[in-house]
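# need a structure here:
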Amino acid sequence: MIFDLWETLVDFDAAHAGEMVAGIAARLGEQPESFRRRWDAVGQRRYIGPIRDALRGIGVPEDALEDVCALRLDYNRRALVPRSGAVETLRELRLRGLKVGLISICSEEVELLWPETAFAGLFDAEVFSCTAGLSKPDPRAYLACCEQLGVEPAEALFVGDGANDELAGAERAGLRAVQIHHPVEPGDWRGERITSVPQILELVPKETPC
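Numbers count the residues shown, from 1 in each chain. Below is the predicted model of the structure:
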């Protein structure tokens, strides 16, 4: 069983994200939208390497770098709050004998803060794009997690919201894919769907040998 992080196990905190962008822009002496446009233009590169390199790449000066990183760290600390039932579901999956993995497209703050979160110790394998140097839907991300779990792709089920083509990417890598979505926003995915993390328990056996 392999999970996505954002919008799967954790909600994207738009309000606090906006506050973070405003704080960074104020530190840099510019308007929030101006900074956001430059940051968004970096694309996936901000998630597959050191965050300071990405910030330098859009012109954040050295004397502001640590302040900006502190604002980002504070945002991620507040945002990494499990969705309802997520922790309990992960624990139940492990009690059933299933190996549990995580693949996250994320900047390095997430991995840095991970030991502080309620998720610490609940995964048998974790693939963070910032240190793996690759991200979904690259098949190598899924295969790396399967290898860490000691399972074949055909034996693994991937659960995600569907961003970044991650569900089709999982299927191309040989995994079974399930979308988790808000009940009023099913999206374009035509495969299996659930609307809450605990519902994943209905798709796996109560007991499994490994």
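# now do the contacts for residue 133.
With contact set as Cβ atoms under 8 Å, 6 or more residues apart in numbering, residue 133 has these partners: 48-49. For the C-beta atoms, the positions are set from N, CA and C on the backbone; glycine is no exception.
# apply 6 Å and report the result again.
Residues near residue 133 by Cβ atoms under 6 Å, 6 or more residues apart in numbering: residue 48.
# give me phi/psi at the residue in the chain sticking out farthest from the centre?
Computed with Cα atoms, centre = their mean, the residue of the chain farthest from its C-alpha average is residue 29, at 30.3 Å. Per-residue torsions, residue 29: phi 70, psi 40 (degrees, to the nearest 10).
# quickly note the distance from it to residue 84.
Separation of residue 29 from residue 84 (Cβ to Cβ, to the nearest Å): 40 Å.
# cool, residue 65 as well?
When Cβ to Cβ is applied, the distance between residue 65 and residue 84 equals 36 Å.
# sticking with residue 38, tell me its helix or strand.
When secondary structure is defined using DSSP states H and E, the element that contains residue 38 is helix 32-40.
# which helices and strands sit right next to that helix?
If contacts are counted by 3 or more Cβ pairs under 6 Å, 6 or more residues apart in numbering; DSSP states H and E, helix 32-40 sits against helix 14-28.
# and the longest helix along the chain, what does it pack against?
Using DSSP state H to define each element, the chain has its longest helix at helix 62-79. In terms of contacts (3+ Cβ pairs under 6 Å, 6+ apart), helix 62-79 is packed against helix 14-28, helix 108-113.
# quick one: which of residue 65 and residue 84 has more around it?
A side-by-side neighbour count of residue 65 and residue 84, using other Cβ atoms under 10 Å, places residue 65 first with 14 against 11.
# got the contact list for the more buried one?
Residue 65 makes contact with residue 52, according to Cβ under 6 Å, 6+ apart.
# secondary structure class for residue 174?
Reducing the assignment to helix, strand or coil with DSSP: H, G, I helix; E, B strand; the rest coil, the entry for residue 174 is coil.
# next SSE after the helix holding residue 38?
Per DSSP H and E, the first helix or strand lying C-terminal to helix 32-40 is helix 51-57.
# any low-confidence regions in this protein?
Across the chain, residues meeting the criterion (pLDDT under 70) sit at 183-187, 207-210.
# what about residue 7, neighbour count?
Applying other Cβ under 10 Å, we find 16 residues neighbouring residue 7.
# make 46 the first number, not 1, from now on.
All set: I'll call the first residue 46, so the last point we hit is now residue 52.
# without its sequence neighbours, what residue ends up closest to it?
Ranked by Cβ to Cβ, 6 or more residues apart in numbering and with sequence neighbours excluded, the top spatial neighbour of residue 52 is residue 206, at 3.9 Å.
# over to residue 57?
For residue 57, the nearest residue in space outside its immediate sequence neighbours is residue 51; the separation is 5.7 Å by Cβ to Cβ, 6+ apart.
# ditto for residue 116
Spatial nearest neighbour of residue 116, excluding adjacent residues (Cβ to Cβ, 6+ apart): residue 68 at 4.8 Å.
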